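Visitor: The following comprises the amino acid sequence and a computationally predicted model.
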Amino acid sequence: MYEDELAELMAEMGEPAYRASQIFKWLHSGVKSFDEMTNISKELRRKLVENCCIYSAAIEKKLISSYDGTVKYLFSFPDGEMVESVLMKYHHGYTSCISTQVGCKMGCTFCATGKSGFSRDLTASEMLAQLMAEQQDMGIRISNVVLMGMGEPLDNFDNVIRFLRLVSCENGMNIGMRHISLSTCGIVPKIYELADMKLQLTLSVSLHAPNDQIRSRTMPVNRKYDIGKLLDACRYYTDKTGRRISFEYAMIDGINDSIACAEELCRRLRGIIAHVNLIPVNTVNGTGYKKSKREALQRFIDILAAGGITATVRRTLGSDINASCGQLRRAVSMDKAEKGDIS
Ligand code: SAH
Ligand code: SF4
(Lines give C-alpha, C1' and ligand atoms only; values in the text may rest on other atoms or scores of the structure.)
(Ligands and ions follow the chains in the order given, each with its own letter.)
Protein backbone atom coordinates (compact mmCIF):
# COMPACT_ATOMS: atom_id res chain seq x y z
CA MET A 1 0.00 0.00 0.00
CA TYR A 2 1.05 3.58 -0.61
CA GLU A 3 1.41 5.73 2.50
CA ASP A 4 -1.80 7.65 1.72
CA GLU A 5 -3.71 4.36 1.41
CA LEU A 6 -2.35 3.33 4.80
CA ALA A 7 -3.49 6.70 6.15
CA GLU A 8 -7.02 5.97 4.92
CA LEU A 9 -6.90 2.58 6.60
CA MET A 10 -5.77 4.21 9.83
CA ALA A 11 -8.67 6.66 9.61
CA GLU A 12 -11.08 3.72 9.16
CA MET A 13 -9.56 2.07 12.22
CA GLY A 14 -9.91 5.31 14.21
CA GLU A 15 -6.14 5.79 14.49
CA PRO A 16 -4.16 9.00 14.04
CA ALA A 17 -2.64 9.63 10.60
CA TYR A 18 0.99 9.51 11.81
CA ARG A 19 0.58 5.78 12.41
CA ALA A 20 0.55 5.32 8.62
CA SER A 21 4.05 6.69 8.30
CA GLN A 22 5.30 4.56 11.22
CA ILE A 23 3.82 1.40 9.72
CA PHE A 24 5.08 2.26 6.23
CA LYS A 25 8.64 2.62 7.57
CA TRP A 26 8.43 -0.71 9.40
CA LEU A 27 7.08 -2.52 6.35
CA HIS A 28 9.84 -1.19 4.14
CA SER A 29 12.53 -2.06 6.65
CA GLY A 30 11.58 -5.66 5.95
CA VAL A 31 9.68 -6.78 9.08
CA LYS A 32 7.83 -10.05 8.68
CA SER A 33 5.24 -9.60 11.45
CA PHE A 34 3.26 -6.77 13.03
CA ASP A 35 4.68 -7.73 16.44
CA GLU A 36 8.05 -6.37 15.36
CA MET A 37 6.51 -2.87 15.11
CA THR A 38 7.53 -1.91 18.64
CA ASN A 39 6.40 1.72 18.58
CA ILE A 40 2.82 0.71 17.67
CA SER A 41 0.31 0.01 20.46
CA LYS A 42 -0.55 -3.61 21.21
CA GLU A 43 -4.19 -2.84 20.42
CA LEU A 44 -3.40 -1.54 16.93
CA ARG A 45 -1.03 -4.44 16.26
CA ARG A 46 -3.89 -6.81 17.11
CA LYS A 47 -6.21 -5.01 14.68
CA LEU A 48 -3.54 -5.19 11.98
CA VAL A 49 -3.04 -8.93 12.51
CA GLU A 50 -6.79 -9.43 12.15
CA ASN A 51 -7.22 -7.33 9.01
CA CYS A 52 -3.95 -7.28 7.12
CA CYS A 53 -1.05 -9.45 6.09
CA ILE A 54 2.60 -8.81 5.28
CA TYR A 55 3.93 -10.48 2.15
CA SER A 56 7.38 -11.93 2.30
CA ALA A 57 9.48 -14.16 0.09
CA ALA A 58 10.90 -17.35 1.59
CA ILE A 59 14.34 -18.48 0.43
CA GLU A 60 13.92 -21.99 -0.96
CA LYS A 61 17.43 -22.28 -2.37
CA LYS A 62 20.49 -20.15 -2.82
CA LEU A 63 23.45 -20.67 -5.14
CA ILE A 64 26.65 -18.64 -5.10
CA SER A 65 28.77 -18.37 -8.23
CA SER A 66 32.33 -19.47 -7.67
CA TYR A 67 33.36 -17.29 -10.63
CA ASP A 68 32.16 -13.89 -9.47
CA GLY A 69 30.16 -14.19 -6.22
CA THR A 70 26.82 -13.59 -7.95
CA VAL A 71 24.01 -15.06 -5.83
CA LYS A 72 20.93 -16.70 -7.30
CA TYR A 73 17.89 -17.13 -5.08
CA LEU A 74 14.84 -19.29 -5.55
CA PHE A 75 11.99 -17.67 -3.62
CA SER A 76 8.60 -19.11 -2.79
CA PHE A 77 5.38 -17.29 -1.96
CA PRO A 78 2.58 -18.52 0.33
CA ASP A 79 0.60 -20.03 -2.58
CA GLY A 80 3.59 -22.22 -3.48
CA GLU A 81 4.62 -20.31 -6.62
CA MET A 82 8.34 -19.72 -7.06
CA VAL A 83 10.57 -17.25 -8.85
CA GLU A 84 14.27 -16.66 -9.19
CA SER A 85 16.18 -13.46 -8.50
CA VAL A 86 19.86 -12.61 -8.89
CA LEU A 87 22.06 -10.42 -6.69
CA MET A 88 25.21 -9.03 -8.31
CA LYS A 89 28.07 -7.09 -6.74
CA TYR A 90 29.57 -4.25 -8.76
CA HIS A 91 32.14 -1.67 -7.68
CA HIS A 92 29.32 0.84 -7.13
CA GLY A 93 27.27 -1.49 -4.93
CA TYR A 94 24.73 -4.28 -5.13
CA THR A 95 22.32 -4.68 -8.01
CA SER A 96 19.35 -6.98 -7.76
CA CYS A 97 17.69 -8.47 -10.83
CA ILE A 98 14.15 -9.33 -9.79
CA SER A 99 11.26 -11.21 -11.35
CA THR A 100 7.93 -9.54 -12.15
CA GLN A 101 5.87 -12.62 -13.10
CA VAL A 102 5.86 -16.33 -12.38
CA GLY A 103 6.90 -17.47 -15.86
CA CYS A 104 6.15 -15.41 -18.97
CA LYS A 105 3.54 -15.44 -21.77
CA MET A 106 5.84 -14.08 -24.46
CA GLY A 107 7.48 -17.30 -25.59
CA CYS A 108 10.81 -15.99 -26.91
CA THR A 109 12.55 -19.03 -28.34
CA PHE A 110 15.96 -18.37 -26.73
CA CYS A 111 14.69 -17.84 -23.17
CA ALA A 112 14.30 -20.45 -20.41
CA THR A 113 11.55 -18.43 -18.72
CA GLY A 114 9.61 -18.23 -21.97
CA LYS A 115 9.85 -21.97 -22.38
CA SER A 116 8.42 -22.62 -18.91
CA GLY A 117 5.02 -21.01 -19.62
CA PHE A 118 3.09 -18.55 -17.47
CA SER A 119 1.49 -18.98 -14.08
CA ARG A 120 0.62 -15.57 -12.64
CA ASP A 121 1.60 -11.94 -12.14
CA LEU A 122 3.55 -10.90 -9.07
CA THR A 123 2.16 -8.16 -6.83
CA ALA A 124 4.19 -5.06 -5.98
CA SER A 125 4.72 -6.52 -2.49
CA GLU A 126 6.17 -9.69 -3.94
CA MET A 127 8.63 -7.66 -6.00
CA LEU A 128 9.66 -5.64 -2.92
CA ALA A 129 9.86 -8.86 -0.89
CA GLN A 130 12.58 -10.23 -3.17
CA LEU A 131 14.76 -7.19 -2.46
CA MET A 132 14.12 -7.26 1.27
CA ALA A 133 14.89 -10.96 1.57
CA GLU A 134 18.20 -10.47 -0.23
CA GLN A 135 19.18 -7.49 1.91
CA GLN A 136 18.43 -9.39 5.10
CA ASP A 137 20.10 -12.58 3.98
CA MET A 138 23.33 -10.83 2.96
CA GLY A 139 23.29 -7.99 5.49
CA ILE A 140 23.72 -5.44 2.70
CA ARG A 141 21.88 -2.54 1.07
CA ILE A 142 20.81 -2.83 -2.56
CA SER A 143 21.52 0.33 -4.53
CA ASN A 144 20.29 -0.64 -8.01
CA VAL A 145 17.39 -2.68 -9.29
CA VAL A 146 16.85 -4.20 -12.72
CA LEU A 147 13.50 -5.63 -13.78
CA MET A 148 15.10 -8.25 -15.97
CA GLY A 149 14.35 -11.48 -14.16
CA MET A 150 11.45 -13.75 -14.97
CA GLY A 151 8.47 -12.20 -16.70
CA GLU A 152 7.57 -9.28 -18.94
CA PRO A 153 7.24 -6.17 -16.73
CA LEU A 154 4.98 -4.29 -19.14
CA ASP A 155 2.59 -7.26 -19.24
CA ASN A 156 2.09 -6.66 -15.49
CA PHE A 157 1.95 -2.89 -15.81
CA ASP A 158 -0.08 -1.73 -12.80
CA ASN A 159 1.78 -3.89 -10.28
CA VAL A 160 5.14 -2.87 -11.74
CA ILE A 161 4.29 0.85 -11.58
CA ARG A 162 3.13 0.44 -7.98
CA PHE A 163 6.41 -1.34 -7.20
CA LEU A 164 8.45 1.44 -8.85
CA ARG A 165 6.68 4.14 -6.87
CA LEU A 166 7.02 2.21 -3.60
CA VAL A 167 10.67 1.23 -3.96
CA SER A 168 11.63 4.83 -4.71
CA CYS A 169 9.78 6.30 -1.68
CA GLU A 170 11.96 8.29 0.70
CA ASN A 171 10.36 6.53 3.66
CA GLY A 172 10.85 3.18 1.98
CA MET A 173 13.88 1.63 0.33
CA ASN A 174 14.58 4.99 -1.33
CA ILE A 175 16.06 3.55 -4.51
CA GLY A 176 15.73 6.41 -7.00
CA MET A 177 14.36 5.89 -10.49
CA ARG A 178 17.78 6.65 -11.96
CA HIS A 179 19.00 3.50 -10.25
CA ILE A 180 16.31 1.34 -11.82
CA SER A 181 16.21 -0.34 -15.25
CA LEU A 182 13.19 -1.95 -16.82
CA SER A 183 13.54 -4.34 -19.73
CA THR A 184 10.72 -5.08 -22.16
CA CYS A 185 10.29 -7.32 -25.18
CA GLY A 186 8.27 -4.49 -26.75
CA ILE A 187 4.63 -4.19 -25.63
CA VAL A 188 4.13 -1.04 -27.70
CA PRO A 189 1.00 0.56 -26.11
CA LYS A 190 2.58 0.21 -22.67
CA ILE A 191 5.79 1.92 -23.83
CA TYR A 192 3.65 4.94 -24.78
CA GLU A 193 1.91 4.82 -21.40
CA LEU A 194 5.24 4.59 -19.57
CA ALA A 195 6.66 7.47 -21.62
CA ASP A 196 3.75 9.70 -20.58
CA MET A 197 4.56 9.03 -16.92
CA LYS A 198 8.01 10.56 -17.51
CA LEU A 199 9.73 8.39 -14.93
CA GLN A 200 13.50 8.78 -14.91
CA LEU A 201 14.23 5.06 -15.11
CA THR A 202 16.32 3.42 -17.81
CA LEU A 203 14.30 1.60 -20.43
CA SER A 204 15.90 -1.41 -22.08
CA VAL A 205 14.28 -2.84 -25.16
CA SER A 206 14.98 -6.44 -26.13
CA LEU A 207 15.42 -6.08 -29.87
CA HIS A 208 17.55 -9.09 -30.80
CA ALA A 209 17.02 -8.73 -34.56
CA PRO A 210 17.28 -6.02 -37.22
CA ASN A 211 14.23 -7.08 -39.24
CA ASP A 212 10.76 -8.52 -38.81
CA GLN A 213 11.59 -11.78 -40.52
CA ILE A 214 14.18 -12.80 -37.94
CA ARG A 215 12.47 -11.15 -34.99
CA SER A 216 9.08 -12.78 -35.58
CA ARG A 217 10.81 -16.13 -35.70
CA THR A 218 12.55 -15.72 -32.33
CA MET A 219 10.13 -13.34 -30.56
CA PRO A 220 6.42 -14.02 -31.17
CA VAL A 221 5.51 -10.58 -29.73
CA ASN A 222 6.88 -9.13 -32.98
CA ARG A 223 3.95 -10.56 -34.93
CA LYS A 224 1.70 -8.17 -33.01
CA TYR A 225 4.05 -5.19 -32.58
CA ASP A 226 6.58 -5.16 -35.39
CA ILE A 227 9.95 -3.38 -35.37
CA GLY A 228 8.57 -0.29 -37.12
CA LYS A 229 5.87 0.19 -34.47
CA LEU A 230 8.33 -0.63 -31.69
CA LEU A 231 10.92 1.91 -32.84
CA ASP A 232 8.21 4.58 -33.26
CA ALA A 233 7.30 3.98 -29.61
CA CYS A 234 11.00 4.19 -28.66
CA ARG A 235 11.36 7.56 -30.43
CA TYR A 236 8.30 8.81 -28.55
CA TYR A 237 9.82 7.54 -25.30
CA THR A 238 13.12 9.40 -25.75
CA ASP A 239 11.31 12.55 -26.90
CA LYS A 240 9.05 12.53 -23.84
CA THR A 241 11.58 11.55 -21.19
CA GLY A 242 14.88 12.75 -22.64
CA ARG A 243 16.29 9.36 -21.62
CA ARG A 244 18.50 7.24 -23.84
CA ILE A 245 17.16 3.76 -24.60
CA SER A 246 19.30 0.70 -24.22
CA PHE A 247 18.69 -1.96 -26.88
CA GLU A 248 19.47 -5.55 -25.91
CA TYR A 249 20.77 -7.74 -28.68
CA ALA A 250 21.52 -11.41 -27.93
CA MET A 251 24.12 -12.52 -30.44
CA ILE A 252 23.15 -15.93 -31.83
CA ASP A 253 25.54 -17.75 -34.12
CA GLY A 254 24.27 -17.79 -37.70
CA ILE A 255 20.88 -16.26 -36.81
CA ASN A 256 21.29 -12.52 -36.26
CA ASP A 257 25.05 -11.84 -36.28
CA SER A 258 25.91 -11.33 -39.97
CA ILE A 259 27.41 -8.22 -41.57
CA ALA A 260 24.06 -7.59 -43.28
CA CYS A 261 22.30 -7.74 -39.88
CA ALA A 262 24.73 -5.21 -38.39
CA GLU A 263 24.23 -2.84 -41.34
CA GLU A 264 20.47 -3.19 -41.19
CA LEU A 265 20.51 -2.52 -37.44
CA CYS A 266 22.47 0.70 -38.04
CA ARG A 267 19.86 1.86 -40.54
CA ARG A 268 16.97 1.00 -38.22
CA LEU A 269 18.41 2.78 -35.19
CA ARG A 270 19.40 5.95 -37.05
CA GLY A 271 17.98 9.01 -35.33
CA ILE A 272 17.24 7.30 -32.02
CA ILE A 273 19.33 8.17 -28.96
CA ALA A 274 20.41 4.63 -28.32
CA HIS A 275 22.99 2.36 -26.84
CA VAL A 276 23.29 -1.26 -27.93
CA ASN A 277 24.06 -3.96 -25.40
CA LEU A 278 25.34 -7.09 -27.08
CA ILE A 279 24.86 -10.32 -25.10
CA PRO A 280 26.49 -13.47 -26.47
CA VAL A 281 23.42 -15.70 -26.17
CA ASN A 282 23.36 -17.81 -23.01
CA THR A 283 22.85 -21.50 -23.39
CA VAL A 284 19.40 -22.91 -22.77
CA ASN A 285 19.03 -26.56 -23.65
CA GLY A 286 16.58 -27.46 -26.34
CA THR A 287 17.00 -24.18 -28.24
CA GLY A 288 19.90 -25.28 -30.41
CA TYR A 289 21.25 -21.71 -30.30
CA LYS A 290 24.95 -21.08 -29.95
CA LYS A 291 26.89 -17.98 -28.95
CA SER A 292 28.28 -15.92 -31.82
CA LYS A 293 31.94 -16.38 -32.53
CA ARG A 294 34.33 -13.78 -31.15
CA GLU A 295 35.14 -12.43 -34.64
CA ALA A 296 31.45 -12.03 -35.46
CA LEU A 297 30.96 -10.09 -32.24
CA GLN A 298 33.87 -7.74 -32.96
CA ARG A 299 32.76 -7.25 -36.57
CA PHE A 300 29.27 -6.35 -35.34
CA ILE A 301 30.62 -3.77 -32.88
CA ASP A 302 32.84 -2.22 -35.58
CA ILE A 303 29.98 -1.84 -38.06
CA LEU A 304 27.73 -0.27 -35.42
CA ALA A 305 30.54 2.09 -34.38
CA ALA A 306 31.09 3.13 -37.99
CA GLY A 307 27.36 3.90 -38.13
CA GLY A 308 27.67 6.12 -35.05
CA ILE A 309 26.07 3.68 -32.61
CA THR A 310 27.84 2.80 -29.37
CA ALA A 311 27.72 -0.85 -28.49
CA THR A 312 29.15 -2.71 -25.54
CA VAL A 313 29.31 -6.39 -24.77
CA ARG A 314 27.51 -7.27 -21.57
CA ARG A 315 29.68 -8.97 -18.99
CA THR A 316 28.23 -12.37 -18.15
CA LEU A 317 27.78 -12.97 -14.42
CA GLY A 318 26.75 -16.13 -12.64
CA SER A 319 27.04 -18.42 -15.64
CA ASP A 320 28.13 -21.40 -13.50
CA ILE A 321 24.83 -21.23 -11.58
CA ASN A 322 22.52 -20.51 -14.53
CA ALA A 323 21.93 -16.99 -13.27
CA SER A 324 22.62 -15.20 -16.56
CA CYS A 325 20.13 -13.41 -18.84
CA GLY A 326 17.38 -15.70 -20.02
CA GLN A 327 18.35 -18.60 -17.77
CA LEU A 328 15.87 -18.04 -14.95
CA ARG A 329 12.89 -20.27 -14.41
CA ARG A 330 10.50 -21.57 -11.79
CA ALA A 331 13.20 -24.07 -11.02
CA VAL A 332 12.22 -27.16 -9.18
CA SER A 333 15.81 -28.28 -9.35
CA MET A 334 18.45 -25.65 -8.80
CA ASP A 335 21.38 -28.00 -9.04
CA LYS A 336 24.69 -26.62 -10.09
CA ALA A 337 24.85 -26.32 -13.84
CA GLU A 338 27.06 -28.46 -15.94
CA LYS A 339 28.96 -26.41 -18.48
CA GLY A 340 26.39 -23.62 -18.00
CA ASP A 341 23.63 -25.63 -19.65
CA ILE A 342 20.13 -26.09 -18.33
CA SER A 343 17.34 -28.25 -19.55
N1 SAH B 1 10.86 -9.88 -20.38
C2 SAH B 1 11.80 -8.83 -20.40
C3 SAH B 1 12.77 -8.85 -19.26
C4 SAH B 1 13.35 -10.19 -18.84
S5 SAH B 1 14.50 -10.96 -19.84
C6 SAH B 1 12.53 -8.79 -21.73
O7 SAH B 1 12.44 -9.75 -22.47
O8 SAH B 1 13.16 -7.78 -22.00
C9 SAH B 1 16.02 -10.07 -19.59
C10 SAH B 1 16.89 -10.01 -20.84
O11 SAH B 1 17.50 -11.29 -21.14
C12 SAH B 1 16.13 -9.62 -22.08
O13 SAH B 1 16.86 -8.69 -22.83
C14 SAH B 1 16.05 -10.94 -22.83
O15 SAH B 1 15.79 -10.79 -24.18
C16 SAH B 1 17.40 -11.53 -22.53
N17 SAH B 1 17.53 -12.97 -22.79
C18 SAH B 1 16.58 -13.92 -22.73
N19 SAH B 1 17.11 -15.13 -23.02
C20 SAH B 1 18.42 -14.93 -23.26
C21 SAH B 1 19.52 -15.81 -23.58
N22 SAH B 1 19.35 -17.12 -23.71
N23 SAH B 1 20.74 -15.26 -23.73
C24 SAH B 1 20.94 -13.92 -23.58
N25 SAH B 1 19.95 -13.06 -23.27
C26 SAH B 1 18.70 -13.55 -23.10
FE1 SF4 C 1 9.54 -13.36 -21.51
FE2 SF4 C 1 11.63 -11.69 -21.69
FE3 SF4 C 1 11.99 -14.36 -21.72
FE4 SF4 C 1 10.87 -13.16 -23.83
S5 SF4 C 1 12.97 -12.85 -23.06
S6 SF4 C 1 10.14 -15.05 -22.85
S7 SF4 C 1 9.67 -11.56 -22.84
S8 SF4 C 1 11.20 -13.15 -20.03
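Guide: Sure, I can see it. Numbering: from 1, shown residues only. Ligands and ions are numbered 1, 2, ... in the order given.

Visitor: so the residue of the chain found nearest ligand 2 is in which element?
Guide: Using CB to the nearest ligand atom, residue 114 is the residue of the chain that sits closest to ligand 2, at 2.6 Å. C-beta here means a position set from N, CA and C on the backbone, and glycine is covered the same way. Secondary structure from DSSP states H and E places residue 114 in helix 112-115.

Visitor: got any ranges where the protein has weak pLDDT?
Guide: Residues of the chain meeting the criterion pLDDT under 70: 331-343.

Visitor: can you list the residues of the chain near ligand 1?
Guide: Counting by CB under 6 Å from any ligand atom, the positions of the chain adjacent to ligand 1 are 110-111, 148, 152, 183-185, 206, 248, 250, 279, 281-282, 284, 325-326.

Visitor: and of those, the nearest to ligand 1?
Guide: Ranked by distance to ligand 1 (CB to the nearest ligand atom), these are led by residue 326 at 1.9 Å.

Visitor: can you tell me which residues contact the closest one?
Guide: For residue 326, the contact set (CB atoms under 8 Å, 6 or more residues apart in numbering) comprises 108, 110-113, 250, 281-282, 284.

Visitor: Within reach of ligand 2, which of the residues of the chain next to ligand 1 are there?
Guide: Residues of the residues of the chain next to ligand 1 in contact with ligand 2 (CB under 6 Å from any ligand atom): 111, 152, 185, 206, 326.

Visitor: nearest spatial neighbour of the last one, skipping sequence neighbours?
Guide: Using CB to CB, 6 or more residues apart in numbering and skipping the chain neighbours, the partner closest in space to residue 326 is residue 111 (4.3 Å).

Visitor: So the one you found versus residue 183, what's the distance?
Guide: The spacing between residue 111 and residue 183, counted by CB to CB, to the nearest Å, is 12 Å.

Visitor: higher neighbour count, those two?
Guide: Taking other CB atoms under 10 Å, residue 111 and residue 183 do not tie; residue 111 has more neighbours (26 against 22).

Visitor: if I pick the more buried one, what's in contact with it?
Guide: Here residue 111 is in contact with 104, 284, 326 (CB under 8 Å, 6+ apart).

Visitor: Wait, the first one touches residue 114, no?
Guide: To tie it back to what came earlier, the one meant is residue 104. Yes. Here residue 104 reaches residue 114: they are 5.3 Å apart, a contact under CB atoms under 8 Å.
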